[in-house]
Structure formats: C-alpha cells, structure tokens
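Enquirer: return a 3D structure for these sequence lines:
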Amino acid sequence: MTLFEPADIHPAWLPPEAFRAIGSRRTLVRGDGPLVDTVREEVKRACARYGGGVRHHTPDETGDQTAAGEPFDLVLALSAAGPLPAVAEMVQAEFRRRRGPTGHAIGDEGFVIARSGGVTVVLADEAAGLLHGLFHVVRLGEPAFGAARPPEHHRPAMPRRMLDHWDNVDVHPVMGQVERGYAGGSIFWRDGAPRGDLGRVRAYGRLLAACGVNAVTVNNVNVHTTEAHLLTDRLGDVAAIAAELRPYGIRVHLSAGFASPVVLGGLPTADPLDEDVRKWWAEATERVYETIPDFGGYVVKADSEGQPGPFAYGRDHADGANVLADALAPFGGVVHWRAFVYNHRQDWRDRSTDRARAAHDHFARLDGLFRDNVILQVKHGPIDFQTREPVSPVVAAMPATRVAVELQVTQEYTGQQRHVCYLAPMWSEVLGFRPWGPAGPAVAHLAGAAADGDGEAPDGRAPGEGGGLVGVSNVGDDAYWTGHPLAQANLYAFGRLAWAPWTDPAAILDEWIDLTFVPVATGDHEGLRRVLHTMMDGSWRTYERYTAPLGAGFMVRPGHHYGPDVDGYEYTPWGTYHFADRDGVGVDRTRATGTGFTGQYPPPWSQVYESLERCPDELLLFFHHVPYEHVLRGGSTVIQHIYDTHFTGVEQVAEARSLWETLAGTGSVPAALHARVKDLLDEQFRCAREWRDQINAYFLRKSGVPDVHGRHIP
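Expert: Model prediction:
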C-alpha cells in the first residue's frame, strides 16, 4: 500500500515528528494480513525518515533473540503469529498469568503493551488491535522506550465508535455540500460526484484510526434524491471510499432512506410488513455486500422533520427498523435507527406538548421488540445538541435494546467552529451520568462497557452489548480539517472517549497538544501547553456563560443557528421554547404542574429534577418556570446570574484572545496557524459581546430588574 501525505493540509495529530521515537529504532513486525501491512508501512516510513529499521521476520525462527543480542527495540506482533521472539513470549505468559485461566483473550481490537529487558512489546489477537497498539506507542513517544512496564491491557469500551457525515452528494440549496458543516466542503463528494482526490480520504482514515474511531457514515441522515442512489446504481462510489478507509480498519456505513423501495425500486409502498418491500431490502442489501464485503450497515432517520417513515403505514419504529435488520443480519450488518422523532409542527401556545418528551414517548414502549442487530441511536440530550441539556431518559429506558449515544462533534450550537469550545468535558459528564444514582451503571456502561455499575475504567472487561458512541463529524475540506485548528481537539477527543470513556478530558487535551504541536528547539512547549489549557479546559462553560443560561436553549438565529436571537424560535412550530414573560422564564416540565417530562427519568433523578429546591442550577430553566428573582442554590438570583455570567463570559474570551497573542513569534505555533486562530478569536470576541448585549438587554426589559452592579446594558 502507499501511504498518503496530503500537500498543504495540516497533519493534525499525526505530524511526521510524532513518529520520531518509533522511526529512530529497530522494529520487528510479526503477522500477516492487510492491517498488519498498514502497521509495517507506517513503521517503514517512520524509519526511512529517522534512521531506524524494520523487519518482518526474526533472524532466528526459534524466537530466541539472546544470541542475536536483542536486536529489536520494538516488537509488534500478533499473538498467534509464532514463533514469537523470546521477550514477546515472556510478555504473553505474564499477561496470561495475571489474567487467570479464563481471561487470556486480548480482544478483537485490544492490545497488550509491555517493556521488558530493554524491548517494548505490543501483542494483539487481531490485526486491528495491532494497529491500535502502534498508535498507542506513537502517543506515548519516548516514554514508550523508557522504564520497564508490566503488561497493560487496552481494549475499547465501545464496540462501535462511529462518525456520521452529514455530507450531501449534490449541493443542497439551503444546507450546501455539508449540512451543519463548518469546515468547507465534503471530503467525499463535490457537486454531485465523488471527489477526485480520494487520497485525502485515506489520510482521514489514518487520523481516525489513530484516535480510535472504527466506522464512518459517508452521507447525510437527511437522504435526498441523489444520495438515495448510493444504495444502488451509485454504490461503486461508496466502494471507492471504502477501499481508501479499509487499510485503517474503518468500516463504511450508508444513510438509507426509509422510502427507498418506492424511490429506487418502483414499488407502490414502503410498508415494512409488505413482503415485496422485505424482498426488495434483502436483494438490495445482498448487492451491497457483493460490492463491499465489509460494509457496516445502514443509518436511518425516519418520521422526523419530513423524512418518511413507518408511521405513514400505521406501523411503529420496531417494524421499520426490523425489516432493514433482517436484510442485514445474514452479513453481520447493523442498522442504526435514530430516535430523533418529534412533532415539528406544534402550536407554541400549547404548553402540554413537549419536544423533550417525544423520543421516550415513541420508543420506550418498544423496548424488547427490536432485532438484535438494531442499534437505537439516541441524541445525548432530549432536545437537540444544546449547550446544556440533561441526559436523554431514553438511554436508561431501553434495557432490552442496544442503544448508541449520539454526540455532535460539529459545533452547530456551540460556536460553529468559529468559537473555541472544547467539548470533551461536556461529553465526559454525559458518559459519566448515572441514571439510577451513584450505585447504578453510567451512560458509558449502557452504551458499550459492561453495565456493572462499579464506576471503574472498562479496561480488562469485555465490552457489553451496547450500541457504542456516534458523533456527527466536524470535518471538511478545509486545510485544517475542522476549520478552526483548535476544533481538531474535539474530533480527537471523541475517538479517545469512545475508546476509553473514563479518561480525563484534560489528559486527552494533553495528548492532542503533544502530538499536534510537537516540541521544537525554538519553541516554549510548556508555555504553549499552559496557554492552550487556559483557553480550552473551561471553554465549553465559557461559551455557556455568554450564550443561553441555566439550561435554556435555542436562543439562536433561526436557520443557520449562529449568533443570538432570544425569541427567534419562540413562536415557531419547532417546539424549542423558553417561555420568558414579564414574571419569569423557563419550561415547566414537572409532573405536578407541567409536561410530566421529569417522570421519564428513574429515581432518584425523577425526584431531583421535579424539585425546585434540588434541581441543579445549570438545568433549572430546562425543568422549571421560575420568577426572575428566584434565588439559585449558589445564592444569586436568576436575573443577576444572567447578567453576571454574560459579562464574565466575554471577559474570559478577551483573556483567551490576549493569551493567544503571547504565542506570536515564539516558534511554538506555525505562523499561518497562529494567524487563523487569531482571526477566529477576534470573531469569537465580537460574537460574545453580541450575545452578552442582546441577552442582557432582553431580560432587563422583560424583567424590569436592574443589574445590581450598575453595568451598562444597552
């Protein structure tokens, strides 16, 4: 295979310098197969650059390296590709001794790393694990070749770690080439055709494998006319993408339209219980696997925001999902069926209809009716990727269904990759949320790891039967991949949290910084690290401070969702209301007097959210309508909290902008990257002030309560 280094495209977290520790040493790669070939080529390229060497066979086939003077510094080997070098045999034996008689399996994507006798050893049962082990050594850098370390077992907590691209083949007249894309055009499609530069797709697969992602959906969940044909007469375009991603263990999925039997097959119906419809799906899916044998499956958005679905035929979503699941089952494929179903034509005056309730109302009663290869894909919150939402109650309501948690890596409601907003702390809170209280399992357990509720990291435990983690991609054809160079950290963090959800977001940020900004002799790397941590660690909360307060959402401009418009969605049919009036603000979602949404949570959270006194301040307005002078648990009134946080948020953006300026000319950051971030920070500061002034002015006029500090509010 040929490894591709795109010209004039930022290398993100895989710059050549990140491979110096490997490339300057002697490496043995033991094993066969396409992914092992990828490992060998990665090491070979690094060695060509930094003077090391790589061999595919040991000099002594008995595996005894002693006589050869331990010629290898690094051994990357499949556990069954014997005979192994003596040091690798020792590591394997020690791993088995530590695991006991029933725990010898390393796992399909897992690996063991150890250092003994001056040799670093990576062992894996399968080639995918060896690839992940290689990139783990890259992350470690020189410390991988330092002190001795006992065998460490690494395996992913989530069986599926997938990115959904909302990319359109044709340019959509409203949404463009990429729906909710903030980094340019699609890396897959351009103006109705595949892009000619698919080498960049392979480079993308390499980045994804290096952070732990193992699946990609290549088209929009809103399946338009041209995209529908990817399933049939344009399947070759998908196969070409799959060929570029396959060397890095990335499986391709397709978003499929529920009405495909009508749109593509000419049938008079798409009724999932119709025998001709079932036959059409089975035959179409068989053709897909004939073309792409390792195809992952389908992603379906149905009965949502105008997309067709089973409701048109009097069927439920289990009926709809199961017909696709039956077609995929013979080939080992899965269908990701999105739970994003709600009434988007509601009357804003109707206080009983609650968009937050919708997914639970539709799906909880269907638990246990889905096929085993159906994965219910649930947005992490009950509304729509807002800056602050509670965890969706659907995640805990479907114990007999495989559930995947969906996150939005693209920053639709968190600054659209024009604002610095490191989302790993938000995602970490979501993954660590325990719906049944401290003694119960966390969301991370339900989505992937064993649901034993012990709170420990999932290393060493077999992944559970959850659906995994799905992220809406933030990648485009921009030279920096994500538009804002610092938004790369969100893509990296998604993969790392999908692999190991208990990892500290600050530690993930450290990894990304050290890989992306490899220390150079002329730069102050520690200074750069301090600046980036100050700018990024709390940036999600900074964004929250100058935008929507206390769990209120959708105070954005309709359509493009950038910038403030407090009442932009308040009188629309979309169900995204804050109900601010002269007396107070917030949505009453209690069982006692409101929509009853709090009752969709199990105890203790159903009681916590129901209680005005116990509800967390940051979610108060999501669950309760309160007077402006209601006193928060932190001691401030609601109205004063709104004023204070919006002033503070702008001050924090100004501080970040000043800190970034201190890096100019230091050599720590390339000049072009520094200039790009500087321009974006200027825009963030402008927009933060706009948010502050509009939100504070709106609530001053609505409440009539002045700022106790007498600050200027326009």
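Enquirer: quick one: buried residues of whichever helix in the chain runs longest?
Expert: Determined from DSSP state H, the single longest helix within the chain is helix 671-703. Neighbour-count burial for helix 671-703, counted by 16 or more other Cβ atoms under 10 Å, picks out 673-674, 676-677, 680-681, 684-685, 687-689, 691-696, 698-700, 702-703. Glycine gets a C-beta too; all of them are placed from N, C-alpha and C.
Enquirer: what packs against it?
Expert: Helix 671-703 makes packing contacts with helix 539-546, helix 638-661 when contacts are defined by 3 or more Cβ pairs under 8 Å, 6 or more residues apart in numbering; DSSP states H and E.
Enquirer: low pLDDT regions in this protein?
Expert: 1-7, 57-70, 102-103, 449-464, 520-522 (pLDDT under 70).
Enquirer: quick check, central residue of it?
Expert: For the chain, the residue sitting closest to the mean C-alpha position, by Cα atoms, centre = their mean, is Gly471 at 3.3 Å.
Enquirer: give me the packing partners of the helix or strand where Leu28 lies, helices and strands only.
Expert: Element membership for Leu28 (DSSP states H and E) is strand 26-30. Strand 26-30 is packed against helix 34-50, strand 53-55, strand 74-78, with contacts defined by 3+ Cβ pairs under 8 Å, 6+ apart.
Enquirer: just how off-centre is that strand within its chain?
Expert: With Cα atoms, centre = their mean, to the nearest Å as the basis, strand 26-30 stands 33 Å off its chain's centre.
Enquirer: ok, that strand: who's next to it in the sheet?
Expert: strand 53-55 (parallel), strand 74-78 (parallel) (DSSP bridges).
Enquirer: count of residues packed around Leu659?
Expert: 15 (other Cβ atoms under 10 Å).
Enquirer: next one: the one 5 residues further on
Expert: In terms of burial, Ala664 registers 12 neighbours under the definition other Cβ under 10 Å.
Enquirer: give me the nearest residue to it, chain neighbours excluded.
Expert: His674 (5.9 Å; Cβ to Cβ, 6 or more residues apart in numbering).
Enquirer: isn't that neighbour right up against Glu661?
Expert: No - using Cβ atoms under 8 Å, His674 is not in contact with Glu661, being 9.1 Å away.
Enquirer: pretty sure Asp26 sits against Leu74.
Expert: Residue 26: Arg, not Asp. Yes - at 7.3 Å, Arg26 counts as touching Leu74 under the criterion of Cβ under 8 Å.
Enquirer: and the two? Which one has more around it.
Expert: Using other Cβ under 10 Å as the criterion, Arg26 and Leu74 rank with Leu74 on top: 23 against 16.
Enquirer: bridged to the more buried one, which residues?
Expert: With DSSP bridges as the rule, Leu74 is bridged to Thr27, Thr120.
Enquirer: I'd say it and Arg25 touch.
Expert: Yes - taking Cβ under 8 Å as the definition, Leu74 is a contact partner of Arg25 at 5.6 Å.
Enquirer: please identify every residue contacting each of the two.
Expert: Listed contacts common to Leu74 and Arg25 are Phe145; contacts here mean Cβ atoms under 8 Å, 6 or more residues apart in numbering.
Enquirer: picking up where we left off before, and the residue nearest to the centre of the chain, that's in a strand?
Expert: Yes - with DSSP: H, G, I helix; E, B strand; the rest coil as the criterion, Gly471 is part of a strand.
Enquirer: spit out the contact partners of it.
Expert: Going by Cβ under 8 Å, 6+ apart, Gly471 touches 162-164, 406-409, 491, 494, 498.
Enquirer: make it 6 Å
Expert: Neighbouring residues of Gly471 by Cβ atoms under 6 Å, 6 or more residues apart in numbering: 163, 407, 409, 494.
Enquirer: please report how far it lies from Met158.
Expert: With distances taken as Cβ to Cβ, to the nearest Å, Gly471 is found 11 Å from Met158.
Enquirer: returning to what we had before: just name the most buried of the helices and strands packed on helix 671-703.
Expert: Greatest average neighbour count among those goes to helix 539-546 (a mean of 24), per mean count of other Cβ atoms under 10 Å.
Enquirer: which is the next helix or strand following that helix?
Expert: Going down the chain from helix 539-546, the next helix or strand is strand 584-585, by DSSP H and E.
Enquirer: for that following strand, which strands pair with it and how are they oriented?
Expert: strand 626-627 (antiparallel).
Enquirer: so what touches the strand it pairs with?
Expert: Strand 626-627 has contacts (Cβ under 6 Å, 6+ apart) with 584, 586.
Enquirer: swap in 10 Å and give it another go.
Expert: 550, 583-586, 588, 612, 615, 620, 632, 637-639, 703, 705 (Cβ atoms under 10 Å, 6 or more residues apart in numbering).
Enquirer: neighbours around Asn168, how many?
Expert: 25.
Enquirer: coming back round to it: dump the contacts of Gly471 to CSV, plus neighbour count and distance to Gln607.
Expert: Shown next, in CSV, are the contacts of Gly471 (neighbours: other Cβ atoms under 10 Å; distance: Cβ to Cβ, whole Å):
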residue, neighbour count, distance to Gln607
Leu163, 28, 37
Leu407, 24, 27
Val409, 25, 33
Phe494, 29, 33
